[in-house]
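> the sequence and its predicted three-dimensional model are supplied below.
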Amino acid sequence: MSHNVKTGLENLVRSPIDIPDTARIGLLANPASLDRNFVHASVWLDRCYPNQLTALFSPQHGFYGEKQDNMIESDHIEHPVFKIPVFSLYSETRKPTQNMFDLIDILFIDLQDVGTRVYTFIYTISYCLEMAASMNKRVIILDRPNPLGGVVTEGNVLDPEWSSFVGRFPVPMRHGLTVAEISTYFNEQFNIRCALEVIPMAGWKRNFYFHDTGLPWTAPSPNLPTVTSSYVYPGQVIYEGTQVSEGRGTTMPFEQFGAPYINPEPIIEQLTPHLEGVVLRQVCFQPTSGKFSDQMCRGLFIHITDMDAYRPYLLSLRSLQAIICQHNDRFEFKAPPYEYEFDRLPMDLILGSKELREQLQQMVSIDELKKSWEPGLQAYNRKIESVFIYE
């Protein structure tokens, strides 16, 4: 059943907060920073606070969301309508500079997160919080739903030794928080101490998936074109650390995965006893870019039948282990670089643990691995309750 959830942006528009009319406003946003009528946050800020918008900031993939892959930087540009700078925080710097923040007094943030540790937007936010704290600037986050809801968390908590731009802080793969909640968590747990305010959503409940919200989906990055792609992402992102295609360069990224050498039948057979909330279908696809460009790949397509039962991270770890088991002679992990890390294996950064990758290769059962990370996950679950905004 679809509900009528209002985002933080929509709540701000309905009742704008008081801001001095001399305050210069910045906005960190991208193409998904829209209200339900597809009006952009920058347009609304300009309407609510005329002539106060002085700078825009964009995360990975660019202000217009046009850059496809990781380590493809976007340039600083001028906004064609507002005639103000758009600073790319995925350029020669991943962190805002003092010069950029000199142009603003208050930073609004309106980004659609996808509830997964390996997604750079939340770390871009954390760097903005740090710079704002050091320069005494206010930050106001306009909250948005976690597509995966806020009840289930999943996976191992990142080992700080494997911290990177795809996992800066010790959180699990599926973090269970809204973008405002996880930003608050970073701010409080890791002593950033920024003057952070939140404009919450109205009507959102922790057990809502994105399809329950009544909100339109706009791709927050080019390879999450559909709501379903965001549902499978917390598991399927691990394939970025392998030489198996995660479906980039096709119309169904992350929902399908494979490689020219894969024989899907024994893999499906191996996985069948463990399938909960999904059906796996054999598939062939030919990516137009990325891994195996213009080559026929055989693999699997994930059809979700029950979101409550489906555990994306567990399923993807199982499928990866099955591929390693069935195709040990051909399977390879991806070599660096990955997200500006030139020495460490991408897979270790994605999993947030070298040990986990080694155990996967040693065929330690996924159920055993799950048991081993459970205490860390439970400790995390207790900690995050302090930042919950919604019941």
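Arrived safely.
> hey, where'd the helices end up in the stretch 251-391 of the chain?
Applying DSSP state H, counting those that start in this stretch to the stretch 251-391 of the chain gives helices spanning 264-271, 312-326, 346-351, 354-361, 366-384.
> may I have the fourth one exported as PDB, CA atoms only?
Written as PDB, here are the backbone C-alpha positions of helix 354-361 (Å, rounded to 0.1, in the frame of the first residue of the first chain):
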ATOM      1  CA  LYS A 354      40.500  -8.500   4.100                       C
ATOM      2  CA  GLU A 355      39.700 -11.500   6.400                       C
ATOM      3  CA  LEU A 356      36.200 -11.800   5.000                       C
ATOM      4  CA  ARG A 357      37.500 -12.000   1.500                       C
ATOM      5  CA  GLU A 358      40.000 -14.700   2.400                       C
ATOM      6  CA  GLN A 359      37.300 -16.700   4.200                       C
ATOM      7  CA  LEU A 360      35.100 -16.500   1.200                       C
ATOM      8  CA  GLN A 361      37.900 -18.000  -0.900                       C
END
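> and it, which residues are buried?
By 16 or more other C-beta atoms under 10 Å, the buried positions in helix 354-361 come out as Lys354, Leu356, Arg357, Gln359, Leu360, Gln361. From N, CA and C alone the C-beta is placed, and that goes for glycine too.
> how far off centre is that helix?
The chain centroid and the centroid of helix 354-361 are separated by 23 Å under C-alpha atoms, centre = their mean, to the nearest Å.
> and the shortest one, by the same measure?
The chain centroid and the centroid of helix 346-351 are separated by 15 Å under C-alpha atoms, centre = their mean.
> packing partners of it?
helix 354-361 (3 or more C-beta pairs under 8 Å, 6 or more residues apart in numbering; DSSP states H and E).
> quick check, central residue of this protein?
In the chain, the C-alpha nearest the mean C-alpha coordinate belongs to Tyr119, at 3.3 Å (C-alpha atoms, centre = their mean).
> ok, that residue - contacts?
By C-beta atoms under 8 Å, 6 or more residues apart in numbering, the contact set of Tyr119 is Asp113, Val166, Tyr233, Val237.
> if we use 10 Å, what do you get?
Contacts here follow C-beta atoms under 10 Å, 6 or more residues apart in numbering; on that basis Tyr119 touches 59-60, 111, 113, 166-167, 175, 220-221, 224, 230, 233-234, 237.
> now the residues you listed as TSV including neighbour count, secondary structure and pLDDT?
As requested, those are exported to TSV (neighbours: other C-beta atoms under 10 Å; DSSP: H, G, I helix; E, B strand; the rest coil; pLDDT from 0 to 100):
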residue	neighbour count	secondary structure	pLDDT
Pro59	27	coil	96
Gln60	26	coil	94
Leu111	23	coil	98
Asp113	26	coil	98
Val166	25	coil	95
Gly167	26	strand	97
His175	27	coil	98
Pro220	24	coil	96
Ser221	27	coil	95
Leu224	25	coil	97
Ser230	27	helix	98
Tyr233	27	helix	98
Pro234	30	helix	98
Val237	23	helix	98
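> which one is Asp105 nearest to, not counting chain neighbours?
Nearest residue to Asp105, sequence neighbours excluded (C-beta to C-beta, 6 or more residues apart in numbering): Ala23, at 4.5 Å.
> again with Arg168
Using C-beta to C-beta, 6+ apart and skipping the chain neighbours, the partner closest in space to Arg168 is Tyr123 (4.5 Å).
> and the one you found, which helix or strand is it part of?
Following DSSP states H and E, one finds Tyr123 within helix 121-135.
> can you spell out which helices and strands pack onto that helix?
Packing partners of helix 121-135 (3 or more C-beta pairs under 10 Å, 6 or more residues apart in numbering; DSSP states H and E): strand 25-28, strand 53-58, helix 98-101, strand 106-109, strand 138-142, helix 179-189, strand 195-199.
> adding mean neighbour count, write these out as CSV.
Converted to CSV, the helices and strands packed on helix 121-135 look like this (neighbours: other C-beta atoms under 10 Å):
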stretch, mean neighbour count
strand 25-28, 27
strand 53-58, 23
helix 98-101, 14
strand 106-109, 26
strand 138-142, 23
helix 179-189, 23
strand 195-199, 18
